[in-house]
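Participant: Got a sequence here, can you build the structure:
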Amino acid sequence: DDDRGSFTSIVGSVSKLGSSIRASITDNTKKGHSMWDILVAQDNFISGIMQCQMESRDSKGKRDAKEKHLRELLSTRGFERIRESSSVPLPSAPYMRVNGVNSQSARMFKSAL
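Facilitator: Numbers count the residues shown, from 1 in each chain. Modelled structure (predicted):
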């Protein structure tokens, strides 16, 4: 059973948000963002990046070509800046917030190739 082409939505399995981001959630809800809005933005951002990584992994070429493909996808699909809100918490470290990726410095781990 090969599930390399599928990616499970993060919203369905979020479990680490807890109290460490309550202050930032409060700030965002004052701006009109509900907890659900934040989770959807996080899901769209992380899932989209993972989709770019999987497509790049499956593209033709060696490491350099795959990394170039990843950088192009991240840039053309707009992951340099989060559109839905100003920033989202990282699923693995919810006290850290991100607002985009620097597509030009994106790299792929050898294990992801």
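
Participant: Would you indicate which residues of the lengthiest helix in the chain are buried?
Facilitator: Of all the segments of type helix in the chain, defined by DSSP state H, the longest one is helix 35-57. Residues of helix 35-57 classed as buried: 37-46, 48-49, 52-54, 56 (neighbour count, 16 or more other Cβ atoms under 10 Å). In this view, the C-beta of every residue, glycine as well, is placed from N, C-alpha and C.

Participant: which two from those residues end up farthest apart in space?
Facilitator: Farthest pair in the buried residues of helix 35-57 (Cβ to Cβ) is Asp37 and Ser56. Separation: 28.8 Å.

Participant: what about the strands in the protein?
Facilitator: Counting by DSSP state E, one finds strands in the chain at the ranges 88-89, 97-98.

Participant: tell me the mean pLDDT for the first one?
Facilitator: Mean per-residue pLDDT for strand 88-89: 87.

Participant: One more: stretch 47-56?
Facilitator: Stretch 47-56 carries an average pLDDT of 93.
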